[in-house]
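Fold the following and give me the result.
(chains A and B)
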Number of protein chains: 2
Amino acid sequence: MSGTSNALAIDGRRFQRRLAELAAVGAIEGTEGCARLALTDEDRHGRELVVTWMRDLGLHVSVDGVGNVVGVLGADTVAGAVLTGSHIDTVATGGRFDGNLGVLAGLEVLETVIDRGVDTGRPLAVGFFTNEEGSRFAPDMLGSLVYAGGLQLEDALDIVAIDGAVLGDELARIGFRGAAPVPGPVPHAFVEYHIEQGPVLEREEIDVGAVIGVQGISWTRFAFTGQSNHAGTTPMSYRRDAGYVAMRVAAFVRELVAEVGPPQVGTVGRIELHPNLVNVVAATATITVDVRNTDDDVLRSVEERIARFVADVAGGEGVSVEAETLARFAPVAFDDRVIDLVEVVAKELGNTTMRLPAGAGHDAQMLARVCPAGMIFVPSVHGISHNPAEHTDPADIEAGANVLLHTMLRLAATDFGDHR
Amino acid sequence: MSGTSNALAIDGRRFQRRLAELAAVGAIEGTEGCARLALTDEDRHGRELVVTWMRDLGLHVSVDGVGNVVGVLGADTVAGAVLTGSHIDTVATGGRFDGNLGVLAGLEVLETVIDRGVDTGRPLAVGFFTNEEGSRFAPDMLGSLVYAGGLQLEDALDIVAIDGAVLGDELARIGFRGAAPVPGPVPHAFVEYHIEQGPVLEREEIDVGAVIGVQGISWTRFAFTGQSNHAGTTPMSYRRDAGYVAMRVAAFVRELVAEVGPPQVGTVGRIELHPNLVNVVAATATITVDVRNTDDDVLRSVEERIARFVADVAGGEGVSVEAETLARFAPVAFDDRVIDLVEVVAKELGNTTMRLPAGAGHDAQMLARVCPAGMIFVPSVHGISHNPAEHTDPADIEAGANVLLHTMLRLAATDFGDHR
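You can find the predicted model right below:
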């Protein structure tokens, strides 16, 4: 990295001011958090604020058919530009960093480049994608999925929110049903800056993470049906205890995950028994099993072993099972060249760094379908996210934004040859 | 049994008519079931109907301070009489047999004795005890507990219902705060006729059960506190998963019960996770553990082993535990002479019979504190109880009532010597 590049840095205070201004839109009183569910009035006000900032910087702003917004510096299209960005929608009781950080860091990078008159070689761009959280409309990462051609616009517009609203109507209502075509123009590369939303960087005392990809995610709901019986008068040999089967499966998930070892994770976070009474054998039980791995073969074998165990223990108890796949995403591997670049830049700027997978979904995994893509993580205090208490130290925020700045400049100077 | 005794039998159709008439009070529309929670208007109307029947038979009726009602034939006190009875309160969605069967069978026995002019030697009596179910006031078996001197009247009268009403006020309101003293007069013996409320007699194709006692009951609530974390971003080694600990304990309860063997039973029928979401490691979890055995030493060892396991698995996960005893009753053994008599009489009358423990609590366990006591069970179809679908075949009902009749006559002729 040249001396000039090293001296080039974003304005940390300006960045924090924008974070605070955006966080004030839909702020949850008495907390640092935000409630800006996708395509609500709060989301509209947040979008208008960010678009105003884009226009103030002289960016070429376009809005596509599903409400994704991009602002390009030095061109009128994202095609061939180095794109960064994330999302500004939040969960119902969210923090101020998840998504917002990446969008505002992109603005900060572009303002820095403009202020310093840097010749970037290629256009740079920043965008935000519609409904990343999936809290109001399913699926999550909807805007970037449509951008990357994974979902047809007509199908996306028909999606009904948990509150009954239709996505296309809501886009029109808030003035963000744009004319730019989807799938969107293919960028030269995409890099997303995001909080980790997990505890690893903090625990390992690492400043910046180079994200190697997104874990594959498998969510299954198992519904067990046995027979309700009196807990005192029914000998064990007569029981068909749906609750026992469900809880035994939960215990097995942990045993299996321990046997497979990291990075395998597994969680039974939800259970419902009926009638859920101290002295009644449960007639029905439902659990969800969330298992994730960066290796799809391992993940598939974990799914299969859980399914076999479920069949065995339910069969032994005389309990019937229905399994429903709630979500299944294959792992996404980011582009090695982007991962390497993030790591090199982070080190050159004096940060401690490590490679790690993303445990949650991100827009970058959709963009990875169409161009070289990667992500930059900074630590989340106590790993807390999707919570008004979500926090990242200002020094970490600034460090990550400088890694984004120099990664984007290096990406602009990199020839990737043909896109995959 | 003499030929005369064998010829003596209750009137099955009259008994069924009374069962139907009482079941009409608080009937749950569209079902065979009843809702007569203790000391409600429905309970009042049920009580008034039974008292009317008692008076029609010329019984000496008395109501004590906690609303227990007894009708004595051939004397003005229960002291020295052979007492039978049960309760007429029901759970919120109850059946027509639980409790009611035993009270109306007692009336039927007394009417038969009167009609046939049988010289019983000792007075016979039938009663019903207040709030056996415990659905409105805690504890259950409250009336018989007070009758047997296990709870002071003043304390009982102060008990507040789940709906906020005070027991003493409700007794007065419905006209059943009587003048008869508690603890009540000590009967010569007590025998209670009841449906099994479990599946054993039906499965084993047995007509009449001779109840050997009531299982000891131990209810514990374990509340676990860990830490809420993202199911994707939190490596297993960082987790403090309260939900996992709770469900692992539930699986252990089953393992332990299988190891101990019958008659040990164990149930985790209730669990609550928070936040109970597919992709969030549970911050808190609560389970109830219900374990029962007829042997108090075994039951105590089961409780201790569960407590140790809870401490071990919670400690290993960094999860804190609070344990609360919700209920703990030692097992009750009925009087061998009464058990033998029930068995002998049942066989003499041509029934198949077996000895078995009661899995649930009954008024007889309170009376067992003061006089020789026992119980007669008849089969519950599919073991269903505390449910409008509760059912027992009329032939079984009649057979059990004839066992009650002849057991009471034999008890009247038995000299037990000094009470225990």
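
At the contact with chain B, which residues of the stretch 301-420 of chain A appear?
Counting by Cβ under 8 Å from any Cβ of the partner chain, the residues of the stretch 301-420 of chain A close to chain B are A:326, A:358-360, A:383, A:385-386. Yep, even glycine has a C-beta here, placed from its N, CA and C like the rest.

Point out the ones among the residues you listed that are inside strands.
Counting by DSSP state E, those place A:326, A:358 in strands.

now, among the residues of the stretch 301-420 of chain A next to chain B, which is nearest to chain B?
When these are compared for distance to chain B (Cβ to the nearest Cβ), residue A:359 wins out at 3.2 Å.

picking that back up, so can I have TSV of the residues of the stretch 301-420 of chain A next to chain B showing pLDDT and neighbour count?
Conversion of those to TSV gives the following (pLDDT from 0 to 100; neighbours: other Cβ atoms under 10 Å in any protein chain shown):
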residue	pLDDT	neighbour count
A:326	89	13
A:358	94	27
A:359	89	25
A:360	88	22
A:383	91	24
A:385	89	25
A:386	87	22
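
Distance of the closest residue to residue A:320 other than its chain neighbours relative to chain B?
The shortest distance from residue A:320 to any non-neighbouring residue, by Cβ to Cβ, 6 or more residues apart in numbering or on different chains, is to residue A:225 (4.8 Å). Distance of residue A:225 to chain B, given as Cβ to the nearest Cβ, to the nearest Å: 16 Å.

what are the bridge partners for residue A:225, then?
residue A:284, residue A:320 (DSSP bridges).

My read is that it contacts residue A:241, right?
No. With contact defined as Cβ atoms under 8 Å, residue A:225 does not count as touching residue A:241 (11.1 Å).

So between those two, which is more surrounded?
Per other Cβ atoms under 10 Å in any protein chain shown, whichever of residue A:225 and residue A:241 has more neighbours is residue A:241, with 30 against 18.

which residues touch that one?
Each residue near residue A:241 by Cβ atoms under 8 Å, 6 or more residues apart in numbering or on different chains is listed here: A:226, A:229, A:281-282, A:317, A:319, B:254, B:267.

before we move on, back to that, how about the residues of the stretch 301-420 of chain A next to chain B, which pair is most distant?
Within these, two members stand farthest from each other by Cβ to Cβ: A:326 and A:383, at 23.7 Å.

Next one: the residue nearest to residue A:320 from residue A:233, what distance?
For residue A:225, the distance to residue A:233 equals 21 Å [Cβ to Cβ, to the nearest Å].

same check, this time on residue A:173
Counting by Cβ to Cβ, the separation of residue A:173 from residue A:233 is 59 Å.

Please identify which of the two sits among more neighbours.
Between residue A:173 and residue A:233, residue A:233 has the larger neighbour count (other Cβ under 10 Å), namely 25 against 15.

need the contact list for residue A:236.
B:257-258, B:262, B:264-266.

Ranking by neighbours, what's the top pick from those residues?
In terms of neighbour count, residue B:266 stands highest of the contacts of residue A:236 at 24 neighbours, by other Cβ under 10 Å.

In the helix or strand that residue falls within, which residues are buried?
Assigned by DSSP states H and E, residue B:266 belongs to strand B:265-274. The neighbour-count check on strand B:265-274 (16 or more other Cβ atoms under 10 Å in any protein chain shown) flags B:265-273 as buried.

among the residues you listed, which are within reach of chain A?
Among the buried residues of strand B:265-274, chain A is touched by B:265-273 when using Cβ under 8 Å from any Cβ.

just those residues now: which is nearest chain A?
Nearest to chain A among those, with distances taken as Cβ to the nearest Cβ, is residue B:267, at 3.8 Å.

Look up the closest residue to that closest one, ignoring the ones flanking it.
With sequence-adjacent residues excluded and distances taken as Cβ to Cβ, 6+ apart, residue B:267 is closest to residue A:231, at 3.8 Å.

Also residue A:243?
residue A:282 (3.2 Å).

got the contact list for the one you found?
Contacts of residue A:282 (Cβ under 8 Å, 6+ apart): A:226, A:228, A:241-244, A:246, A:273-276, B:269.

One more pass at 7 Å, please.
By Cβ atoms under 7 Å, 6 or more residues apart in numbering or on different chains, the contact set of residue A:282 is A:226, A:241-243, A:273-274, B:269.

next one: phi and psi at it?
phi -70, psi 130 (degrees, to the nearest 10).

tally of neighbours for residue A:10?
23.

pretty sure it is touching residue A:109, no?
Yes. Residue A:10 lies in contact with residue A:109 (Cβ atoms under 7 Å); the separation is 6.4 Å.

quick one: common contacting residues for the two?
With Cβ under 7 Å, 6+ apart, residue A:10 and residue A:109 have common neighbours A:401, A:405.

element containing residue A:115?
helix A:100-116.

do residue A:190 as well
strand A:189-195.

Is there proximity between that strand and chain B?
No. Strand A:189-195 stays clear of chain B (Cβ under 7 Å from any Cβ of the partner chain), getting no nearer than 9.9 Å.

strand partners of that strand, parallel vs antiparallel please.
Here strand A:189-195 has these sheet partners by DSSP bridges: strand A:82-86 (parallel), strand A:373-378 (parallel).

quick check, residue A:144 in a helix?
Yes. Secondary structure of residue A:144 (DSSP: H, G, I helix; E, B strand; the rest coil): part of a helix.

Would you confirm that it contacts residue A:364?
No. Applying Cβ under 7 Å as the test, residue A:144 and residue A:364 come out as separate, 8.0 Å apart.

Can you classify residue A:341 by secondary structure?
With three-state DSSP as the basis, residue A:341 sits in helix.

Pretty sure it sits against residue A:407.
Yes. Counting by Cβ under 7 Å, residue A:341 touches residue A:407, with 5.7 Å between them.

Next up, the contacts around the closest residue to residue A:305 other than its chain neighbours.
Counting by Cβ to Cβ, 6+ apart, residue A:305 lies nearest to residue A:256, which is 5.9 Å off, once chain neighbours are set aside. Applying Cβ under 7 Å, 6+ apart to residue A:256 gives the contacts A:266, A:302, A:305-306.

Just the ones in strands from those, please.
Cross-referencing the contacts of residue A:256 against strands under DSSP E gives residue A:266.

how about the contacts of residue A:256, which pair is most distant?
Largest pairwise distance in the contacts of residue A:256, by Cβ to Cβ, is 10.8 Å, between A:266 and A:305.

where does residue A:71 fall, phi/psi-wise?
phi -120, psi 120.

Across the sheet, point out what pairs with it.
residue A:61, residue A:126.

Next, work out how far apart it and chain B are.
Distance from residue A:71 to chain B, by Cβ to the nearest Cβ: 29 Å.

mind listing what that residue touches?
Applying Cβ under 7 Å, 6+ apart, the residues near residue A:71 are A:54, A:59-61, A:125-126.

Same list, those, but as CSV with neighbour count and distance to residue B:99 please.
Output for the contacts of residue A:71, formatted as CSV (neighbours: other Cβ atoms under 10 Å in any protein chain shown; distance: Cβ to Cβ, whole Å):
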residue, neighbour count, distance to residue B:99
A:54, 25, 75
A:59, 24, 78
A:60, 17, 81
A:61, 19, 76
A:125, 31, 76
A:126, 31, 73
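
Which members of those are the farthest-apart pair?
A:60 and A:126 (11.3 Å).

The helix ranked longest in chain A: which residues count as buried?
In terms of residue count, the longest helix belonging to chain A (DSSP state H) is helix A:296-317. Within helix A:296-317, the residues scored as buried using 16+ other Cβ under 10 Å are A:298-299, A:302-303, A:305-306, A:309-310, A:313-314, A:317.
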